[in-house]
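**Q** Sequence and predicted structure below; questions after.
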Amino acid sequence: ILQSKAAVVTGSTSGIGLAIAKALAREGANVMINGLGDPGQIEATRAGIEAEFGVRALYSGADMTRPPEIAAMVAEAEGAFGRLDVLVNNAGIQYVSPVEEFPPEKWDAILAINLSSAFHTIRAAVPGMKARGFGRIVNIASAHSLVASPFKSAYVAAKHGLVGMTKSVALELATHGVTVNCISPGYVWTPLVESQIPDTMKARNMTKEQVIEEVLLKAQPTKEFVTVDQVAAIAVFLCSDAATQMTGANLSVDGGWTAQ
Ligand code: NAD
């Protein structure tokens, strides 16, 4: 469904972003991946996407805390592919701490990567999408865009903010063939979730098993983690013609978490 289209997925060297980049490539889109990591591994990922799906795959090392690099990434994708139809804002980090001990530089980094980077990519991508009369912007928010958990003040603030920006931009672009939506996963088993377990163990004085059962999956009625492929399938759906009239929405894929 995305033959001859082009996509940028931020934070796609791992986890949900990588699954989305692969799912878009599977549908025929040329993709630009982005994110941090070992250069050799990233190149293997990039070349692997080209080989597996027969599309062009490029890599941008743009740091989502640096607005000029973000704008350059979007321009590079548009230049290389001749268009940019799909923008997935997925890059994100987490930090878990009581608010009074929350390091201000962590607050700034989370707001920059999880919220402001989406503003900067959208700002750069919208003129081309408007000119072509087509665009799909998918922002990866979180169940934490709808409800909160303690010790995640920056993350919850950024994700609530991302949903607000999504609605505003969706209204601006409603008559231009450009849809803007959020996907809000519950707990997905990725490096991001795995790496916050030690901090949560410390903050709550719990064992790893207790964190998984009593914190992570406590809120998720299905008692199962969401998979990265389930999130990617929704992103693909939002890019399809069937989703043309869906804009400004925030789609939960959270095992029932936010139904409670
Ligand atoms: P992940 O850690 O596996 O991937 C995060 C990606 O962002 C990586 O590619 C990383 O390199 C990239 N990144 C981090 N800092 C960056 C920077 N400064 N510049 C560019 N790229 C940067 O995490 P994930 O779990 O796949 O999370 C992806 C998104 O999904 C995030 O926005 C996260 O908040 C959201 N999310 C995750 C879960 C979950 O349970 N895993 C749940 C809800 C929402």
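**A** Perfect, thanks for sending it.

**Q** Which residues of this protein lie near the ligand?
**A** 11-17, 34-37, 63-65, 90-93, 113-114, 140, 142, 185, 187-188, 190-193 (CB under 6 Å from any ligand atom). (Glycine included, C-beta is placed from N, CA and C.)

**Q** please redo it, this time with the cut-off set to 5 Å
**A** Proximity of the chain to the ligand (CB under 5 Å from any ligand atom) is limited to residues 11, 13-16, 35-36, 63-65, 90-92, 113, 140, 142, 185, 187-188, 190-193.

**Q** what are the bridge partners for Ile183, then?
**A** Counting by DSSP bridges, Ile183 is bridged to Ile140, Leu251.

**Q** can I assume Ala124 sits in a helix?
**A** Yes: using DSSP: H, G, I helix; E, B strand; the rest coil, the secondary structure at Ala124 is a helix.

**Q** who does the lowest-mean-pLDDT helix or strand in the chain touch, helix- and strand-wise?
**A** Taking mean pLDDT, DSSP states H and E as the measure, the chain has helix 191-204 as its least confident helix or strand, at a mean of 88. On a contact count with 3 or more CB pairs under 8 Å, 6 or more residues apart in numbering; DSSP states H and E, helix 191-204 meets helix 208-210.

**Q** which of the residues of the chain next to the ligand count as buried?
**A** Buried members of these, scored by 16 or more other CB atoms under 10 Å, are 11, 13-16, 35, 63-65, 90-92, 113, 140, 142, 185, 187-188, 190, 192-193.

**Q** any idea how far Gly79 is from the residue in the stretch 51-200 of the chain positioned nearest to the ligand?
**A** In the stretch 51-200 of the chain, the residue that lies nearest the ligand is Gly92 (2.2 Å; CB to the nearest ligand atom). Counting by CB to CB, to the nearest Å, the separation of Gly92 from Gly79 is 26 Å.

**Q** can you check Val147 too?
**A** According to CB to CB, Val147 and Gly79 sit 41 Å apart.

**Q** Which of these two has more residues huddled nearby?
**A** Neighbours were counted for Val147 and for Gly79 using other CB atoms under 10 Å; Val147 has more, 15 against 9.

**Q** which residues touch the residue nearest in space to the middle of the chain?
**A** Compute the mean C-alpha point of the chain, and by CA atoms, centre = their mean the closest residue is Asn90, 1.7 Å away. Going by CB atoms under 8 Å, 6 or more residues apart in numbering, Asn90 touches 9-12, 16-17, 20, 140.

**Q** Looking at the residues you listed, which are in strands?
**A** 9, 140 (DSSP state E).

**Q** any chance of the contacts of Asn90 in JSON lines, with pLDDT too?
**A** JSON lines is the format used below for those (pLDDT from 0 to 100):
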{"residue": "Val9", "pLDDT": "99"}
{"residue": "Thr10", "pLDDT": "98"}
{"residue": "Gly11", "pLDDT": "98"}
{"residue": "Ser12", "pLDDT": "98"}
{"residue": "Ile16", "pLDDT": "97"}
{"residue": "Gly17", "pLDDT": "98"}
{"residue": "Ile20", "pLDDT": "98"}
{"residue": "Ile140", "pLDDT": "98"}
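
**Q** Among the contacts of Asn90, find me the one that's closest to the ligand.
**A** Gly11 (2.6 Å).

**Q** Hmm, Ala21 and the closest one touching each other?
**A** No: counting by CB atoms under 8 Å, Gly11 does not reach Ala21; the two are 9.8 Å apart.
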